[in-house]
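Colleague: let's see this in three dimensions:
(chains A, B, C, D, E and F)
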There are 4 protein chains.
Amino acid sequence: MESDTGSRRGAPRSEQTHLAILDAAASQFQERGYANFTIEGVAAQAGVGKQTIYRWWPTKTDLIAECLLDGRLFPERLSIPNTGDLHTDVVDWVSQVFELIRRPAGRGLVTSLIAAATANEQIGERLRETLGGRESVVARLSAGVEAGQLSPAKPITELAEALVGALLLKALGEGRTESGDAVRLVDALLT
Amino acid sequence: MESDTGSRRGAPRSEQTHLAILDAAASQFQERGYANFTIEGVAAQAGVGKQTIYRWWPTKTDLIAECLLDGRLFPERLSIPNTGDLHTDVVDWVSQVFELIRRPAGRGLVTSLIAAATANEQIGERLRETLGGRESVVARLSAGVEAGQLSPAKPITELAEALVGALLLKALGEGRTESGDAVRLVDALLT
Amino acid sequence: MESDTGSRRGAPRSEQTHLAILDAAASQFQERGYANFTIEGVAAQAGVGKQTIYRWWPTKTDLIAECLLDGRLFPERLSIPNTGDLHTDVVDWVSQVFELIRRPAGRGLVTSLIAAATANEQIGERLRETLGGRESVVARLSAGVEAGQLSPAKPITELAEALVGALLLKALGEGRTESGDAVRLVDALLT
Amino acid sequence: MESDTGSRRGAPRSEQTHLAILDAAASQFQERGYANFTIEGVAAQAGVGKQTIYRWWPTKTDLIAECLLDGRLFPERLSIPNTGDLHTDVVDWVSQVFELIRRPAGRGLVTSLIAAATANEQIGERLRETLGGRESVVARLSAGVEAGQLSPAKPITELAEALVGALLLKALGEGRTESGDAVRLVDALLT
DNA sequence: GATTAAGCGAGACGGTACGTCTTGTCTTTAC
DNA sequence: GTAAAGACAAGACGTACCGTCTCGCTTAATC
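Modeller: Coordinates of the predicted model:
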């Protein structure tokens, strides 16, 4: 259904430039965080005119959203394991996220993502899936239901959302977590 | 040897000015949101020099934090009811929050608070208590345990945090809620 | 050699803006004097962003210097006459300057120029020529030497400088001049 | 140091403060120049409240004027010698001033004085006497007239003013002087 | 081939807000 | 009773970015 078959008159969009901007944006976001992220900084690092960025992304959150969708903001993807034991798997994953949040750099990355979400609802929507994220958690919980380790009566989507929400709230604070926190959180939700 | 107990030499801090600034700050925060909140705007509305603000609050998030602590950012406090029926009470409260989040104005207030929290960990910490908030939710859940409506085995703090986190995550998105969402969420956590 | 002169890449400097700034600067200087001359005032009157001024003139004295060079600060140029009689011509001119200095407005203009000169050596250098100024005085004195009305032994540049300096010193005071002052000053120097 | 002889009329403590302010003002003026001279800096260095300064001197130029009158701004007084040979004496003195003006520090002091004069006519008036200064120059020239080294027909005041004015004009520029300048200037005026 | 429309780099522009500095007044407390 | 210490309103300073707008290139598709 290629609506306009690329048969426009002028020069086509440069894919090289496109990627240079995304790379620079992701790099700036990780180095400086959302608060100090500037279009001028991205343009400078990408070796690009500002107008080239504004031509394709109306706001800076749109640019960040594309980076997020491309998976450029999570170099190390936190995936939830599946060893067959639901409770252990979820505890392991939560512990991993706690570990990320404990380090200022990791916490900074998460709070920057949340900050971006507060400025752009689409990022907010995507964050639930990508953060850790909902999709995989929902999948893991579903598998747990099928394996008889979780009651079919439990609303899985809400459970996943509550889990991710709890982590997010932790990240907004000082990130202090004690041993046992992960277990307690999972107990609260999955028992 | 009156070391420093209020016996400093110069003029003391003007309480009138202090309050004028807090009032203006809260007003600006509610009207314009965190993103468009400016120190200059607060100074102008309060009829105050900028330096007077910078003297007492090093950053704008410190100013916002004090407003939050003073309860100036929640004119209409969302308190959790206690009719004796835990499940119904929590569902009612969650519905109330959903109602707030559905309206752009209410959602804007919440996302502004989250944005402020991403810039200042103290605000993050306080947000859990004040947002709706944890303290009261924890209290209500405790009462439920005593009334035999909730298993004593459940870790209450984690439960409350998951509940608030889920609401917060909702607010970051487009705020769409369907009837039944509140019930499902409470079922997921309290059953 | 067209290496980079004409082939600069970005948008060229707007001559319209350039002139608007110079006009506004001259106007502000004349109206408010050096002490109350502000970049913000110039920017506002010119309808221009402050950064546009700072881009081209690093300090406010550089801006004033350019106005001076453009002759924007002396709407009514005080030129020294040449009727053939050196002594009378110089006395007339000195009287004219005394007249200017007697009025607070005129004296304010001159002291403002001197104030600018104290902040910027280039302005100081230019002031000697432009004030009234040295160049024309030197020329008139030279003509006097050729006409045999002034000894060729006299160092003309120094004579002119002493003359202008005396006027300047007068302007720094209260500007009181009595009839006969002009004649006495010229007698002191040209006899 | 005259600590407290309670039996005299005035308030001894007040005089101490008065002097501390003048000392601090002179010190600040010499160290930082007129442009960076601040009342707060003087108050801090003198260990005095700002109001104490404002009480006695309505503007900062009044404070500077008093320092000038007290001779606090010229630690090394440039006095004009009297060896009996007028021409040589004046040349020596002019050379001394040129020497002062050649060094940026010395030139800065002079331009600061001129700047103060542009802001306060009384300072301007006093500057003529104090700068180098007129009084002594006039006295030396008068002695020269009596010694028959200068024509009685020459208006001495105007001559002195032209001389000081020429030096002042030199100080406003880049301060470059060549050998012979002093002689040429004196020749221009005294021959 | 010539024309023409777009992409692109560079960067000037009118603005807003920043956080700092200084001014001159006002207000307590200490000596 | 005089001042020190210092809070305060006002507003200019110079900087950083914003988002828009030329410029003079470089590409392609259309004529």
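
Colleague: name the residues that touch the helix or strand bottoming out on mean pLDDT in chain A?
Modeller: Least confident helix or strand, chain A: helix A:121-130 with a mean of 84, by mean pLDDT, DSSP states H and E. Under the criterion Cβ atoms under 8 Å, 6 or more residues apart in numbering or on different chains, residues A:61, A:64-65, A:68-69, A:71, A:74, A:113-114, A:116-118, A:133-135, A:161, A:164, B:169, B:172-175 lie in contact with helix A:121-130. (Each C-beta comes from the backbone N, C-alpha and C, glycine too.)

Colleague: tell me which of these fall in helices.
Modeller: Here DSSP state H is the test, and the contacts of helix A:121-130 give A:61, A:64-65, A:68-69, A:113-114, A:116-118, A:134-135, A:161, A:164, B:169, B:172 as lying in helices.

Colleague: what's the closest of the residues you listed to DNA strand F?
Modeller: A:Thr61 (9.5 Å; Cβ to the nearest atom of the strand).

Colleague: quick one: A:Arg103 from chain D, how far?
Modeller: 44 Å (Cβ to the nearest Cβ, to the nearest Å).

Colleague: that should have said A:Gly144, apologies.
Modeller: A:Gly144 is 70 Å from chain D, by Cβ to the nearest Cβ.

Colleague: tally of neighbours for that residue?
Modeller: For A:Gly144, the neighbour count with other Cβ atoms under 10 Å in any protein chain shown is 22.

Colleague: from A:Arg184, how far out is it?
Modeller: 19 Å (Cβ to Cβ, to the nearest Å).

Colleague: same question for A:Thr118.
Modeller: Distance of A:Thr118 to A:Arg184, computed by Cβ to Cβ: 28 Å.

Colleague: same deal with A:Arg107?
Modeller: 20 Å.

Colleague: what does A:Leu100 give?
Modeller: Taking Cβ to Cβ, one finds A:Leu100 at 19 Å from A:Arg184.

Colleague: again with A:Cys67
Modeller: 34 Å.

Colleague: with A:Arg8 instead?
Modeller: In this view, A:Arg8 and A:Arg184 are 58 Å apart by Cβ to Cβ.

Colleague: which of those two has more residues huddled nearby?
Modeller: Ranked by neighbour count (other Cβ under 10 Å), A:Arg8 and A:Arg184 place A:Arg184 first, with 18 against 9.

Colleague: leaving aside the residues next to it on the chain, what's closest to that one?
Modeller: Closest residue in space to A:Arg184, ignoring its immediate chain neighbours: B:Pro155 at 4.3 Å, by Cβ to Cβ, 6 or more residues apart in numbering or on different chains.

Colleague: need the pLDDT of whichever residue of chain A sits closest to DNA strand E.
Modeller: Ranking the residues of chain A by distance to DNA strand E (Cβ to the nearest atom of the strand) places A:Gly10 first, at 2.2 Å. A:Gly10 is assigned 91 on the pLDDT scale.

Colleague: and if you look at A:Thr191?
Modeller: As predicted, A:Thr191 sits at a pLDDT of 84.

Colleague: how many neighbours does A:Gly47 have?
Modeller: Count around A:Gly47 with other Cβ under 10 Å applied: 10.

Colleague: pretty sure it contacts A:Ala20?
Modeller: Yes - counting by Cβ atoms under 8 Å, A:Ala20 is a contact partner of A:Gly47 at 6.8 Å.

Colleague: run through chain A and note the low-pLDDT ranges.
Modeller: Residue ranges of chain A with pLDDT under 70: A:1-6, A:75-77, A:131-135.

Colleague: show me what residue of it gets nearest to chain B.
Modeller: Here the residue of chain A nearest chain B is A:Gly165; by Cβ to the nearest Cβ that distance is 2.6 Å.

Colleague: so what's that residue up against?
Modeller: By Cβ under 8 Å, 6+ apart, the neighbours of A:Gly165 are B:Ala162, B:Val164, B:Gly165, B:Ala166, B:Leu167, B:Leu168, B:Leu169.

Colleague: which one of those residues is nearest chain D?
Modeller: B:Leu168 (47.7 Å).

Colleague: tally of neighbours for the nearest residue to A:Ala139 once chain neighbours are set aside?
Modeller: Nearest-residue entry for A:Ala139: A:Ile80, 8.0 Å, with adjacent residues in sequence omitted and distances by Cβ to Cβ, 6+ apart. When neighbours are counted by other Cβ under 10 Å, A:Ile80 registers 20.
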